[in-house]
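Peer 1: next input, structure requested:
(chains A and B)
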Amino acid sequence: MNKLLFFCALSFCSLAFAQEPTQHGPLPGEAPAPNAQPLVQVKWETLDTLLHHQDSDTTYIINFWATWCRPCVAELPHFEEVQANFAHQKVRVLLVSMDFAKDIEDRVVPFIERHNIKSTVWLLNETDANRWIERVDSTWSGALPATLILNPARGRRSFYEKPLDYETLARELSYFTDY
Amino acid sequence: MNTDNAKRRITLWMVLAFLTSLGAVAVALSLPAQLRTRPDAGLAPAGYQVGEAVANFRLKNVNGSMVSLSDYSSKKGVMVVFTCNHCPFAKAYEDRIIALHAKFASQGYPVLAVNPSDPTDYEDDTFEKMKERASSKGYPYPYLADDAQTVAQAFGATRTPHVFVLKNSGGRFVVQYIGTIDDNPQDPAGVTKRYVDDAVTNLLANKPVVTTTTKAIGCAIKWKDI
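Peer 2: I've put the predicted structure just below:
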């Protein structure tokens, strides 16, 4: 019984988190949501819902990064720039941190504040990455940085296991938003 | 006679239509493949697969000597671990790599650590820093500098740490496992699946490896510009 209750609570939490990006997506004319929390801790099920179990016509740029990953940190400004420049379209940047949960207070939150990160940040607090890496993309080896561009309604996705610059991001994004 | 001719003509047209549709399908199938193989896509080579024999290699150890895979021809196998100084995941696994060597070296499966990180990108990965690290942690295994990245490329290593368990089959080192050490980089006490340990344990018992490949988060090996 306890297990059942726990499972129900877990499902409810996942649903609540999973709906967050679509509800607060920067739709035309919509003001950006206030950044109340610098980051949200999520489990795989939340990300899985976003990736595989919804059908919004929003193009998500999902970047897997970590504060300790130098090429990741170097490319973050490009993602921030994309989020700002495409805010009038249904484009949503989501930064999924692979930092350890124990480093949230001392490392990740200060990093987000110091760099004034505006994009939504999730911290995927999961072990056993082998269980979910292939569910993000079958070609991903697990190396960082990695980026998935996804539009569920149009059934389109692109995956990059390499750093991206602004020009590449904007060009790739145009394939999702213009056609 | 006329009907026979007509039948033959229809058959001919059907064959033509079929061939045309085959062609169309072939073109349709080849299109996404072309899109996928953009010149900037996919930096890492494919590398060795489970079941393949690996080529010998020879690299410089932190003690200054040269170490070859063929030096291990009297062993049952080798755990080749691509790791480095700078990567937090590699650091998180350092003690566990030492523990794997401590457990299995005496049984014929020592660790051979290889650093594929480009020291011009990461100053923590210079040969001097490698020497310091190996000495301060008392690495009981060689720590080889793959500064030309040829070994990592041949293996198809993409990140650190990245483990390849090799079994010595009559002088040929055959890949038995590729992947991560266990399922919890953050907390050694929270580990539930010991992938490398399980693989080597099975090999020592002459049993097949159950989980032969795994994936894990790690630091990308940044390839040198060619």
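Peer 1: measure the residue nearest the centre of chain B to residue B:182 for me?
Peer 2: Geometric centre of chain B, nearest residue: residue B:157, 4.1 Å, by C-alpha atoms, centre = their mean. For residue B:157, the distance to residue B:182 equals 18 Å [C-beta to C-beta, to the nearest Å]. Yep, even glycine has a C-beta here, placed from its N, CA and C like the rest.
Peer 1: got it, and residue A:147?
Peer 2: Separation of residue A:147 from residue B:182 (C-beta to C-beta): 27 Å.
Peer 1: per-residue confidence at residue A:29?
Peer 2: Residue A:29 is assigned a predicted lDDT (pLDDT) of 26.
Peer 1: do the one 5 residues further on as well
Peer 2: Predicted confidence (pLDDT) for residue A:34: 47.
Peer 1: for residue B:96, phi and psi?
Peer 2: Dihedral angles of residue B:96 (phi, psi; degrees, to the nearest 10) stand at phi -70, psi -30.
Peer 1: for residue B:175, same thing?
Peer 2: Torsion angles, degrees, to the nearest 10, at residue B:175: phi -70, psi 130.
Peer 1: beta partners of it?
Peer 2: residue B:166 (DSSP bridges).
Peer 1: and for it, the neighbour number?
Peer 2: Applying other C-beta atoms under 10 Å in any protein chain shown, we find 22 residues neighbouring residue B:175.
Peer 1: wouldn't it be in contact with residue B:165 here?
Peer 2: Yes. With contact defined as C-beta atoms under 8 Å, residue B:175 reaches residue B:165; the gap is 7.4 Å.
Peer 1: on that earlier part again, tell me how far the residue nearest to the centre of chain B lies from chain A.
Peer 2: For residue B:157, the distance to chain A (C-beta to the nearest C-beta, to the nearest Å) stands at 9 Å.
Peer 1: quick one: contacts for that residue?
Peer 2: With contact set as C-beta atoms under 8 Å, 6 or more residues apart in numbering or on different chains, residue B:157 has these partners: B:47, B:82, B:116, B:164, B:221.
Peer 1: now do the SS call for the residue most central in space within chain A.
Peer 2: The residue lying closest to the centre of chain A (C-alpha atoms, centre = their mean) is residue A:94, at 2.9 Å. Under DSSP: H, G, I helix; E, B strand; the rest coil, the three-state class of residue A:94 is strand.
Peer 1: show me what contacts it?
Peer 2: If you count contacts by C-beta under 8 Å, 6+ apart, residue A:94 has them with A:21, A:50, A:60, A:61, A:62, A:63, A:119, A:120, A:121, A:122.
Peer 1: pretty sure the fourth one belongs to a strand, no?
Peer 2: Yes. Going by three-state DSSP, the assignment for residue A:61 places it inside a strand.
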